[in-house]
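Asks: coords please:
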Amino acid sequence: MRKLFLTLLLIALIGCSTETKNALEPFPTEVVTDLQTTMDNLTDSELPPGMVVWIDTPQHRFEGASGSANLSAEVPMPADGAFRIGSITKMFTAAVVVQLVEDGVLTLDDSLAQWLPEVADQLPHGDQITVYQLLTHTSGLFNVVEHEAYFADLFTQMVVDEAAGTAALACVERDPHDTLARYVYGKDALFEPGDRWSYSNTNYTLLGMIIETATDMPLAEAYRTHIYQPLGMESTFLDCYEEPLVDIVHGYSGMGDSMSDVTDLHESVGWSAGGLVSTAPDLLLFARGLFGGSLFDDPEMLSTMTTPAPGSAYGLGISLEQESMGHAGYIAGFRSVLNYSPASDMVVMVLYNNDAADPEQAVADIMAPVLSSLRVEN
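Replies: Coordinates of the predicted model:
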């Protein structure tokens, strides 16, 4: 039923795309000027690469860019540039799992042992941890990236060219079983499942493995089948696990004279926890599909995703703030944030190609003139 609904929705959107685009007005000139000035100030400071900002409301849209997509080639940042989005990937992973719950393929109360028995046997409380606890970071499992060997391995494997100012790591498909064996197995639980909250990429690695088992397809194909195709997303892909659909902008690490180009440094171990590449146009389609409820037949599924786990400000793959919800992303060379504000039905995206930047602070700086304009209109 959901697939039929989404197909009809996509046909309708394609048919009225020109009308919809024309119906959206730009923000007032002074707001656009303030936004662009703020962005230019941010990319003209000690963090010289670029950024993309999209703001979408029912009446207005701002599609902005500033700074550089490639410093050495002096390429300006395009508003539709492709970025590695880090942990925003978790929202995609969670959405697929919740769709599988709605379809009756699995339940939130299923244990890890039901889907990955051999893996569960090697994890503390593996027979007790549930799909819900993985989604909400309440499993108590050790975080893969906090293993003492994780970054040591990256530094050992990467190729650094000091003269060119670049660092590279081969783009390879990594078996998540090997990732768990190297960085998670043998580590004690942080707490009993469900007792507390602690952010752990391990949870989402396991969810990716459950998706592959439950759908009998590679994770990249599951994302495409369940999310990209129904929503009309054309530029999003799982880095290193499928052919790139678009070229990403260059990514940079560091500040000032110590800045390095890490575009070819692939942290493919991120996978279902942080491995996606996307663009602002695609992320807007995803945000509208997710928070608009069209990814599900039952509106209660979105309600479940946006209900915080006890003692936390985190739902199912979604960070929950007082007035907004979404997720931030951080991976070598890139920082990002995607926020949705239910009260104003507004989507805000900030994408940086410098991992020293702070996109969440940028959101606060950028939104001041927008919110002022919306208050005046209302």
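
Asks: what about the strands in the stretch 1-150 of the chain?
Replies: Counting by DSSP state E, counting those that start in this stretch, one finds strands in the stretch 1-150 of the chain at the ranges 51-56, 61-66, 68-70, 75-76, 82-84.

Asks: Kindly reformat those as a markdown table containing mean neighbour count.
Replies: Every C-beta, even on glycine, is put in place using the N, C-alpha and C of the backbone. A markdown table is the format used below for the strands of the stretch 1-150 of the chain (neighbours: other CB atoms under 10 Å):
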| stretch | mean neighbour count |
| --- | --- |
| strand 51-56 | 25 |
| strand 61-66 | 19 |
| strand 68-70 | 21 |
| strand 75-76 | 13 |
| strand 82-84 | 28 |
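
Asks: For Glu360, which of these is the nearest?
Replies: Nearest of these to Glu360, taken as CB to CB: strand 51-56 at 12.8 Å.

Asks: quick one: that closest one to strand 61-66, angle?
Replies: 170 degrees (axes from the mean of the first three to the mean of the last three CA atoms, to 10 degrees).

Asks: got the CA coordinates for strand 51-56 in PDB?
Replies: Provided in PDB are the C-alpha atoms of strand 51-56 (Å, rounded to 0.1, in the frame of the first residue of the first chain):
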ATOM      1  CA  MET A  51      29.100  25.800   2.900                       C
ATOM      2  CA  VAL A  52      25.600  25.300   1.600                       C
ATOM      3  CA  VAL A  53      22.400  26.500   3.300                       C
ATOM      4  CA  TRP A  54      18.900  25.600   2.300                       C
ATOM      5  CA  ILE A  55      15.800  26.800   4.200                       C
ATOM      6  CA  ASP A  56      12.400  25.600   3.100                       C
END
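
Asks: Show residues contacting that strand.
Replies: Here strand 51-56 makes contact (CB atoms under 8 Å, 6 or more residues apart in numbering) with 27, 35, 39, 42-43, 61-67, 77-81, 83, 280-281, 283-284, 287-288, 346-353, 357, 359, 362, 366-367, 370.

Asks: just to revisit the earlier point, rebuild the strands of the stretch 1-150 of the chain as CSV, extending it with distance to Thr307.
Replies: Below are the strands of the stretch 1-150 of the chain laid out as CSV (distance: least, CB to CB, whole Å):
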stretch, distance to Thr307
strand 51-56, 24
strand 61-66, 29
strand 68-70, 39
strand 75-76, 42
strand 82-84, 29
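
Asks: As TSV, those with mean pLDDT would be great.
Replies: Formatted as TSV, the strands of the stretch 1-150 of the chain follow (pLDDT from 0 to 100):
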stretch	mean pLDDT
strand 51-56	96
strand 61-66	96
strand 68-70	96
strand 75-76	96
strand 82-84	98
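
Asks: Mind telling me which residue is nearest the centre of the chain?
Replies: Ile88 (1.3 Å; CA atoms, centre = their mean).

Asks: follow-up on the earlier one: what subset of the contacts of strand 51-56 is buried?
Replies: 27, 35, 39, 42-43, 61-67, 77, 79, 81, 83, 280-281, 283-284, 287-288, 346-353, 357, 359, 362, 366-367, 370 (16 or more other CB atoms under 10 Å).

Asks: So Gly289 lies in a strand, does it not?
Replies: No. Under DSSP: H, G, I helix; E, B strand; the rest coil, Gly289 falls outside any strand and is assigned helix.

Asks: so what's it scoring on pLDDT?
Replies: Here, the pLDDT recorded for Gly289 equals 97.

Asks: What distance do you get for the closest residue to it other than its chain neighbours to Asp247?
Replies: Leaving aside its chain neighbours, Gly289 sits nearest to Leu231 (4.4 Å; criterion: CB to CB, 6 or more residues apart in numbering). Distance from Leu231 to Asp247, counting by CB to CB, to the nearest Å: 22 Å.

Asks: Who has more neighbours out of those two?
Replies: Legend: neighbour count by other CB atoms under 10 Å for Leu231 and Asp247, higher for Leu231 (23 against 12).

Asks: Look up how far Tyr223 lies from the more buried one.
Replies: 11 Å.

Asks: same deal with Asp80?
Replies: From Asp80 to Tyr223 the distance is 20 Å (CB to CB).

Asks: what's near enough to touch Thr263?
Replies: Thr263 touches 166, 248, 250-251, 333, counting by CB under 8 Å, 6+ apart.

Asks: what phi and what psi does the backbone show at it?
Replies: When read as degrees, to the nearest 10, the backbone of Thr263 gives phi -60, psi -40.

Asks: where does it land on pLDDT?
Replies: Confidence score, pLDDT, at Thr263: 97.

Asks: strands paired with the particular helix or strand that has Val337 in it, and their directions?
Replies: Following DSSP states H and E, one finds Val337 within strand 334-341. Strand 334-341 has the following sheet partners, assigned by DSSP bridges: strand 325-331 (antiparallel), strand 346-352 (antiparallel).
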